[in-house]
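[1] Build the 3D model from these lines:
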Amino acid sequence: METEIYKEELTVLSFGAGQDSTDILYRIVRNPSFKQRYVKGKFIVVMSDTGNEHYHTYEHVQFIINFCDQRNIEFYFLTNGEYHPRTWPTLVSQYQRNDCIMSLVGPRSCTDNLKIKPIYDFIDHYIAKEYYSYPKKGKRPKGKKFIKRFATDHGKINVILGIAAGEEHRLKKSSKKEKKAMQINAFKKWKDPIPVWFRMGINKVYPLIEENITRWDIHEHIKGLQFIDDPKNWPLPYPSNCMFCPYMTKIEVLWLYRNHPDMWDMWVQLEANKIKKCEGNGKKNLGVKGEKLLPEFLKEAIIEFGSMTDEEIDDHKMSHGHCVMSTY
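    Here you go, the predicted model:
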């Protein structure tokens, strides 16, 4: 007679330190029915550091570390390149290493390398240590074999992702090009871009979309918590994004220029280094915004929005987030 395997469940909140994932965490703590619907088994919170987060984001992360500690919630902040790809310890180090720059017209590799890969490498290592007696010290496992093993023994790991209703465009969908290739190459086996370990071991969960919770609902929910309790206990963070994100709007660029001129100057210099490196290579030499370089983009921003007060720009920054779509 075979011994029955005791089934475990694991739920991971992929935390970005922005409004969406913060609201989900607050709801899990405050709302028993919400928690029952979306937290299965053990619950942990994991965030990967890009090394280029806003200062206010790092302040919020420290708040959340204390918030979770007070409630016996395991929170893991992946930093110092521990789980990052060797060539991507931080965003700026990648820029400096290769005299490159993230661009609107280039490969969208920053989110994958700095946010997604580290989290799933951590999850695999965490499962190995917590469930399969893998050595606490030493090299971490490779190949996501423990994610696959856990899925076989206990079921898929539930990974909660913070995307608000109305922002479904941020979800990865198969491109028209991929679908067309599948139709044309009828006799060629189509290779799924999602790795086997992910399809086998991960169940992506989008509570805000399922509950039809918009970004404005998030604002109202957190303001309501602040009304019944001390606002310091339930802060509403800015949307999270890197300081050097190519998807920043003109108003957001103006915000960075006004609030952190030193970081703006660094970004301009990093772009200039890339332009200089690629001079004379016979190809289009593109910067953050394509052919239009950052100084010119800032000039246009000042002409169009320079009359806005700091408070108005800050209000815009508080209500606008962005994230690159990724394969996972």
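[2] okay, and for the stretch 51-200 of the chain, where does confidence drop off?
    Scanning the stretch 51-200 of the chain for pLDDT under 70 picks out the ranges 172-192.
[3] mind listing the helices for it?
    Ranges of helices in the stretch 51-200 of the chain, per DSSP state H, counting those that start in this stretch, are 55-70, 91-98, 110-111, 117-131, 145-154, 176-184, 196-201.
[4] In which helix or strand does residue 269 reside?
    Residue 269 is part of helix 261-277, with elements assigned from DSSP states H and E.
[5] next structured bit after that helix?
    helix 294-305.
[6] got a list of contacts for that following helix?
    The set of residues external to helix 294-305 that reach it, using C-beta atoms under 8 Å, 6 or more residues apart in numbering, is 250-251, 253-254, 257, 264, 267-268, 271, 287-289, 313. From N, CA and C alone the C-beta is placed, and that goes for glycine too.
[7] Tell me the predicted confidence for the nearest residue to residue 166 once chain neighbours are set aside.
    Residue nearest to residue 166 in three dimensions, not counting chain neighbours: residue 214, with 4.9 Å by C-beta to C-beta, 6 or more residues apart in numbering. Here, the pLDDT recorded for residue 214 equals 94.
[8] tell me the contacts of residue 214?
    164, 165, 166.
[9] do residue 19 as well
    Per C-beta under 8 Å, 6+ apart, neighbours of residue 19: 164, 215, 218, 219, 222, 236, 237, 238, 239, 240, 321.
[10] measure it to residue 241 for me?
    According to C-beta to C-beta, to the nearest Å, residue 19 and residue 241 sit 11 Å apart.
[11] cool, and residue 58?
    Applying C-beta to C-beta, the value for residue 58 to residue 241 is 13 Å.
[12] out of these two, which sits in the more crowded spot?
    Neighbour count, other C-beta atoms under 10 Å: between residue 58 and residue 241, residue 241 has more, with 23 against 13.
[13] Just to check, the more buried one is in contact with residue 248?
    Yes. At 7.4 Å, residue 241 counts as touching residue 248 under the criterion of C-beta atoms under 8 Å.
[14] ok, back up a step: sort out which one of the contacts of helix 294-305 lies nearest residue 208 for me.
    Checking those against residue 208 by C-beta to C-beta gives residue 251 as the nearest, at 24.6 Å.
[15] Tell me the pLDDT of the closest one.
    96.
[16] again, but for residue 4
    Residue 4 is given a pLDDT of 46.
[17] Quick one: the helices of the stretch 51-200 of the chain as TSV, columns for distance to residue 230 too.
    Converted to TSV, the helices of the stretch 51-200 of the chain look like this (distance: least, C-beta to C-beta, whole Å):
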stretch	distance to residue 230
helix 55-70	13
helix 91-98	35
helix 110-111	34
helix 117-131	31
helix 145-154	39
helix 176-184	50
helix 196-201	40
